[in-house]
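**Student:** Pasting the sequence and the predicted model now:
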Amino acid sequence: MSSTSMSGERRSVVITGASRGLGLASAANLYRRGWRVVAAMRSVDTGMKVLRKATGAGDDDPRLVGVSLDLTDPGSVTAAARTIENAVGAPYGLVHNAGISAAGMVEETPTELWERMFATTIFGPVLLTKELLPSMRRAGAGRIVLVSSQGGVRGMPATAAYSAVKGALERWGESMAGEIAPFGIGVTVVVTGTYDTEIITDAGTTDCRDLQGVYARHHQTMDKRGRAAMKMAARSPDKFATGLAKALDSRKPFVKTAIGPDARMLVIVNRILPSAGLHQMTRLMMGIPRFGAMRSGDTQSG
Ligand SMILES: NC(=O)c1ccc[n+]([C@@H]2O[C@H](COP(=O)([O-])OP(=O)(O)OC[C@H]3O[C@@H](n4cnc5c(N)ncnc54)[C@H](OP(=O)(O)O)[C@@H]3O)[C@@H](O)[C@H]2O)c1
């Protein structure tokens, strides 16, 4: 039932960032469940080799199509939309999964990084959605899934740019859900927990931190505790893929759901605790000095 429409046709789903991590695991999982999968990625040749190996699909399998997409390039986004429609018509599912991460305080993070973050997570995905919505509206059925994060529930220190775009993603989704629901298209915001992919590693993150700078004291404890917490919480991407498959099955106009126990916990705590309480909780968990403790004169680090 999950991979077929009410009229019994195979449903198609577009997944951005399908070259690796959660996108790759989800594309493979949905293919196995019988979906027609459009895997959108920057490097189609290498990415599709990996995806075909993971699924056992042949080069000419019409249920697994690779599409070139760089979300920071508007020309690439509009071309991808046309290629998608040529391949599968109006997609049923559109999963905005691609993303980048960066570590660093606001003062340490260059404007270029903020721009790249917004281009990848907001401007590109919004353009792709605008390009595909006319055909999806005409089809009268579909679901747009926005892959958010715990940073989208609450801004976390040292990830302001990432938290800001995930917050913006959630507000965009809520707004759009109110607009497109009458056409039979639902929106799901997925608050994603911690999964074992490159994005949580040093290699997969743009590091803007100045470990010897003004925020050296913050970095000391945050680095150690952050790594330990992520190592403990990280789960297999396959578990995320199972949650995503369920999310695509929803028939509700708007859903916000958490995938992963740590994400579920944060969503609950965020509902119960006032914002000031969450601020204190985050500060204590990350070992950040109390309010005013680093005023000039009280500290040697500036
Ligand atoms: N893993 C976690 O713990 C976690 C937690 C919360 C939220 N998330 C969210 O889950 C999503 C997937 O992350 P992941 O863990 O799978 O990370 P990942 O392994 O680093 O994969 C990121 C994916 O995004 C793609 N991408 C980056 N910039 C792009 C661009 N300009 N155009 C097109 N594709 C681009 C990458 O493609 P290339 O291969 O070409 O670089 C890659 O496929 C992200 O939105 C992330 O914020 C992950």
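**Tutor:** Nice, I can see it. Residues are numbered from 1 along each chain as shown.

**Student:** alpha carbons only for contacts and neighbour counts from here, please
**Tutor:** Noted.

**Student:** How many neighbouring residues does the closest residue in space to residue 139 that isn't next to it in sequence have?
**Tutor:** Nearest residue to residue 139 in three dimensions, chain neighbours excluded: residue 90, at 6.6 Å (CA to CA, 6 or more residues apart in numbering). When neighbours are defined as other CA atoms under 10 Å, residue 90 has 25 of them.

**Student:** same thing with residue 258?
**Tutor:** 23.

**Student:** Regarding it, what is its secondary structure?
**Tutor:** Here residue 258 is recorded as strand under DSSP: H, G, I helix; E, B strand; the rest coil.

**Student:** How about it, nearest residue that isn't a chain neighbour?
**Tutor:** Going by CA to CA, 6+ apart, residue 258 has residue 191 as its nearest residue, at 4.5 Å.

**Student:** Quick check: beta-bridge partners of the one you found?
**Tutor:** residue 148, residue 258 (DSSP bridges).

**Student:** I'd like the distance between it and the ligand.
**Tutor:** Distance of residue 191 to the ligand, given as CA to the nearest ligand atom, to the nearest Å: 7 Å.

**Student:** surely that residue meets residue 163?
**Tutor:** No - using CA atoms under 8 Å as the test, residue 191 is too far from residue 163 to be in contact (11.9 Å).

**Student:** Flag every residue of the stretch 101-250 of the chain that's near the ligand.
**Tutor:** With CA under 6 Å from any ligand atom as the criterion, the stretch 101-250 of the chain meets the ligand at residues 120, 147-149, 192-200, 204.

**Student:** Pull the most distant pair out of these.
**Tutor:** For these, with distances taken as CA to CA, the pair at the greatest spread is 120 and 196 (21.0 Å).

**Student:** Let me see the ranges of the strands in the stretch 201-302 of the chain.
**Tutor:** Secondary structure of the stretch 201-302 of the chain (DSSP state E, counting those that start in this stretch): strands at 205-207, 254-259.

**Student:** Output those strands as a markdown table; include the columns mean pLDDT.
**Tutor:** Formatted as a markdown table, the strands of the stretch 201-302 of the chain follow (pLDDT from 0 to 100):
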| stretch | mean pLDDT |
| --- | --- |
| strand 205-207 | 93 |
| strand 254-259 | 98 |
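
**Student:** picking up where we left off before, got the contact list for the residue nearest to residue 258?
**Tutor:** Contacts of residue 191 were listed using CA atoms under 8 Å, 6 or more residues apart in numbering, and they are 147-150, 152-153, 256-259, 263-264.

**Student:** In the stretch 151-300 of the chain, where is pLDDT below threshold?
**Tutor:** Across the stretch 151-300 of the chain, the ranges flagged by pLDDT under 70 are 297-300.

**Student:** Would you agree residue 153 is in contact with residue 169?
**Tutor:** No - Residue 153 lies out of contact with residue 169 (CA under 8 Å); the separation is 10.7 Å.

**Student:** Out of these two, name the residue with the larger neighbour count.
**Tutor:** Using other CA under 10 Å, the more surrounded residue of residue 153 and residue 169 is residue 169, with 24 against 18.

**Student:** I'd like to know how many residues surround the residue nearest to that one when sequence neighbours are not counted.
**Tutor:** In space, residue 169 comes closest to residue 122 once its chain neighbours are excluded; the distance is 6.4 Å by CA to CA, 6+ apart. Neighbours of residue 122 under the rule other CA under 10 Å: 21.

**Student:** Point me to the residue of the stretch 201-302 of the chain nearest the ligand.
**Tutor:** residue 204 (5.5 Å; CA to the nearest ligand atom).

**Student:** Would you state the helices of the chain in chain order?
**Tutor:** Counting by DSSP state H, the chain has these helices, from start to end: 21-32, 44-55, 74-88, 111-118, 124-139, 150-153, 160-180, 216-233, 237-248, 261-272, 275-286.

**Student:** any idea which of those is most buried?
**Tutor:** helix 21-32 (a mean of 24; mean count of other CA atoms under 10 Å).

**Student:** is the ligand contacted by that one?
**Tutor:** Yes - residues of helix 21-32 contacting the ligand under CA under 6 Å from any ligand atom: 21-23.

**Student:** of those residues, closest to residue 273?
**Tutor:** Scanning these for proximity to residue 273, where the rule is CA to CA, the winner is residue 22, at 30.1 Å.
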